[in-house]
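>>> I'll drop the sequence and a predicted model, then ask my questions.
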Amino acid sequence: METSLIRSQHIRPIACLFVVAVLLGAGCAYYNTFYNAEAAYREGMKLKGQNQDAQAKTKFDKAIEKSALVIKRWPKSQWVDQALLLVGLSYYEEGQYEKAIREFDQLSLAFPNSAFLPRGELYRGLSLLADKQFGTARLALDAVKQKYPKLADQAAYNLAKSFVDRSELERGADSLAAFIERFPKSDLHISAVKLLADVSFARKRYADAEKWYAAFARTSVDPKERALAKLKIAGCRYEQGKYDEAIVEVNDVLGRYSDLDDEANLLLGKALNQSGRQSDALATWLKVKGSTDLGAEAAFRIGKSREEAGQFDAARAYYDTAKTRRVDSDYGVLAVKRLALLDALAARTTGKKVGGDSLTPAEAMFLVAEVNNLNLGEYDKAIDLYQKVHDSFPGTDWGAKALFAKAWIMRNVKSDTAGADSLAKEEISEYSETEYADESRRWLGLPVPVREKKPEVKPETTAMAPPLPPAETAKVPGLPPLPSESLPADTGDFAARQGLAKAPHGNRAPGHVPERPGHGSGPQGPGEMPGVKPGTPEALKGTGGEKPAGAESQKRDTMQARVKPPPSGPTPGIGARVPGDTVPSAPKTDTTKPANPPVVHEPKPSARLQLEMAHFETDSWRVQAADSARLKADADSLKAHPDVKAVIVGNCDPRASEDYNQKLGLKRAQAVRDFLVAAGVDSGRISVRSDGKKRPISTMPEEYGLDRRAEFELH
């Protein structure tokens, strides 16, 4: 008995120690798991700061995995609320904003008194902003400002930044100025000063921008950031016409940092050019060689200078360089358009189309007008040229086209309804039997006469022709000649094709048509849309129909769904008669029997169906409220034609990379498909495709809203 008592006295402490060890081990286990999650998140943030996004994602995934393990295995531990926050933060950093919002909502519901709730609510607001749910996001961040004073500066800054991101620049500038005044000691103060300077510059408030850039330069501790601010100050002075002061500022920065030299040389060249030092400007622009927006702009400016001097071959070389350096930049796009204009001018001079066919004077003049209208957006020049075509070639189809095109610009670009109506009446009076007169009648609300359609072969207007003769490239007094060795390296192949170093003209292919940005290699005329000939009412209605500046988000265009035409007739086969066949004589038959009635081929339902396209905000695939009614009508039309199948094609504007736009276009097409399926259209009848940025219909950056669309192909 005594022995048993002694044993029990020894066992009890051991058992207690064992229980304590188990409990401590369990606590250490979930603490270690959470510690590993935190460490993975910190490593992910560090990698993301180094632009190593793929490696960062791996770390964020690990943080999510470990945090989820803590929540699942130890749901009552002290780390659960922090683990929920960590999951949400990791999803936010990965760009999975909907999942992040869900986690932050769960944190708020499950732990309303958690010390981590303020940060969770802040990042919930940021996730809503990133997910483009702007109204909800602003409400959430306003609540954070009111409830959590320590986070008020972060909420206020991100609210102000959201206005800028939405291009609400005036509201953004006011909010940033208020932030700077209210939070002078915030860590975000210097970022707000820099952003306000950028916004002021974008609003063309150059004196204000100069003031804020100067404030940023005084505050920043980074010498490179201060140098960049001085460049921006130089840009402000350039825009204010203070060219000599801009030159002094740029020269003070030039050479300090090699990665700022392209920007500095581009600006210096612009200031020198405006100061009348054209030779120095050209030499300075030649130093800008990068395959960037800056390099494209420098090459374009040299090309424009050579074009203005009449040195058209040199201009072509530099426009081609601008296109090669960055075709999706604003100046790359402009270079393509200037190349089209040079080809049109060459066609007008030589009177030759692609392939050597003759080009009539009326057609050549109309072509130049079309390029100015559809490609360059130089509407006043286009109006003058259209008027010249009408006055020089009255009573011709070109005269009718030109008069209608002028009326279109007056109505859709100039918003001069009275002027457009007057031209429409003139069109009806002079060319009453043409399609342009019929379209003018529709404008004026007049009845359109029904007439038998006659087969018509319309003259093509998109052909380009060989370059100008040597006389056009003569040296212009006052402009230094461009030696062949001064061409940038990336014009070498083009210059070799042109023969610039040997003769005024090289072996440029006759009728070469420059490729439009984002298009395939096939030739395509200025402003041409698939299946629509330039110069026709359809082309004029479908291209550039928005006001040229800032109107694309207010005014929507409508385009008929692109339809693959049905076969024009039966395929010749046994017993089928082909036009031109001779019919052998046959024995007489009973003529009292009625002859076989002619076969009438009804058009396919898809040929009669018209669907309206949807448009999207920048970097977005959300269906806008303004398009919901249109897409609902599209759904009703498709349900009324159950035999029709649709391919939804997503499109993007020409900015960003090909890969990014291809994915974005597919998301837009899928969003429209989801809308139609939700509206009752059978999903089996709808497929999707992305054309990315391959088919822009804009003619200038202000019209990029026309490119951000989803349209239909019907079968």
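Ah, there it is.
>>> contacts, neighbours, all on C-alpha from now
Noted.
>>> domains of the protein?
Domain assignment of the chain by automatic domain parsing yields the ranges 33-288+299-309+316-322, 327-451+458-498, 544-556+604-714.
>>> and the spatially closest residue to Ala679 that is not a sequence neighbour, helix, strand or coil?
Leaving aside its chain neighbours, Ala679 sits nearest to Ala635 (6.3 Å; criterion: Cα to Cα, 6 or more residues apart in numbering). Put simply, Ala635 is helix when judged by DSSP: H, G, I helix; E, B strand; the rest coil.
>>> distance check, Ala635 against Lys132.
As judged by Cα to Cα, to the nearest Å, Ala635 and Lys132 stand 26 Å apart.
>>> those two: which has the busier surroundings?
Ala635 (22 against 18; other Cα atoms under 10 Å).
>>> need the contact list for the more buried one.
Contact partners of Ala635, counting by Cα atoms under 8 Å, 6 or more residues apart in numbering, are Leu676, Ala679, Gly680, Val681.
>>> equivalent analysis for Tyr91, please.
Phe60, Ile64, Tyr97, Lys99, Ala100.
>>> buried ones among these?
Phe60, Ile64, Tyr97, Lys99, Ala100 (16 or more other Cα atoms under 10 Å).
>>> phi, psi of Gln240?
phi -90, psi 0 (degrees, to the nearest 10).
>>> tell me the spacing between it and Gly650.
42 Å.
>>> now Val688: which helix or strand?
strand 686-692 (DSSP states H and E).
>>> pLDDT (mean, whole number) over the next helix or strand after that strand?
Per DSSP H and E, the first helix or strand lying C-terminal to strand 686-692 is strand 709-714. Regarding strand 709-714, the rounded mean pLDDT is 90.
>>> again with stretch 612-625
86.
>>> export it to CSV, keeping only CA atoms.
Extracted C-alpha coordinates of stretch 612-625, given in CSV (Å, rounded to 0.1, in the frame of the first residue of the first chain):
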residue,chain,number,x,y,z
GLU,A,612,-26.1,47.6,-80.6
MET,A,613,-22.6,47.5,-79.1
ALA,A,614,-21.6,48.1,-75.5
HIS,A,615,-18.8,50.5,-74.4
PHE,A,616,-16.5,50.4,-71.4
GLU,A,617,-14.5,52.6,-69.1
THR,A,618,-10.7,52.5,-69.3
ASP,A,619,-9.3,49.3,-67.9
SER,A,620,-12.8,48.0,-67.1
TRP,A,621,-15.0,45.2,-68.3
ARG,A,622,-18.1,46.1,-66.3
VAL,A,623,-21.3,46.7,-68.3
GLN,A,624,-22.2,50.4,-67.7
ALA,A,625,-25.7,51.4,-66.7
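>>> where in the stretch 401-550 of the chain is pLDDT low?
451-550 (pLDDT under 70).
>>> please repeat the previous calculation with a cut-off of 90.
Scanning the stretch 401-550 of the chain for pLDDT under 90 picks out 401-402, 406, 408, 410-415, 417, 419-420, 427, 432-550.
>>> same deal with the stretch 201-350 of the chain?
In the stretch 201-350 of the chain, residues with pLDDT under 90: 289-291, 307-313, 315-316, 323-324, 326-350.
>>> can you give me the helices for it?
Using DSSP state H, counting those that start in this stretch, the helices found in the stretch 201-350 of the chain span residues 206-219, 223-239, 243-253, 261-274, 278-285, 293-308, 312-325, 330-350.
>>> so can I have TSV of those helices showing distance to Leu188 and mean neighbour count?
As requested, these are exported to TSV (distance: least, Cα to Cα, whole Å; neighbours: other Cα atoms under 10 Å):
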stretch	distance to Leu188	mean neighbour count
helix 206-219	12	20
helix 223-239	16	21
helix 243-253	26	19
helix 261-274	27	23
helix 278-285	37	20
helix 293-308	29	24
helix 312-325	36	28
helix 330-350	32	25
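>>> in TSV: the ones you listed, plus distance to Ala83.
What follows is those, written out as TSV (distance: least, Cα to Cα, whole Å):
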stretch	distance to Ala83
helix 206-219	38
helix 223-239	38
helix 243-253	48
helix 261-274	46
helix 278-285	55
helix 293-308	44
helix 312-325	48
helix 330-350	46
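>>> quick one: which of the ones you listed is nearest Ser191?
helix 206-219 (8.6 Å; Cα to Cα).
>>> ok so, going back, contacts for the strand holding Val688, please.
645-652, 658, 661-666, 669-670, 673.
>>> that strand: which residues count as buried?
Ile686, Ser687, Val688, Arg689, Ser690, Asp691, Gly692.
>>> quick check: the farthest pair among the residues you listed?
Going by Cα to Cα, the pair spanning the buried residues of strand 686-692 furthest: Ile686 and Gly692, at 18.8 Å.
>>> now stretch 662-682: buried residues?
Applying 16+ other Cα under 10 Å to stretch 662-682 flags 662-673, 675-677, 679, 681 as buried.
>>> sounds good, over and out.
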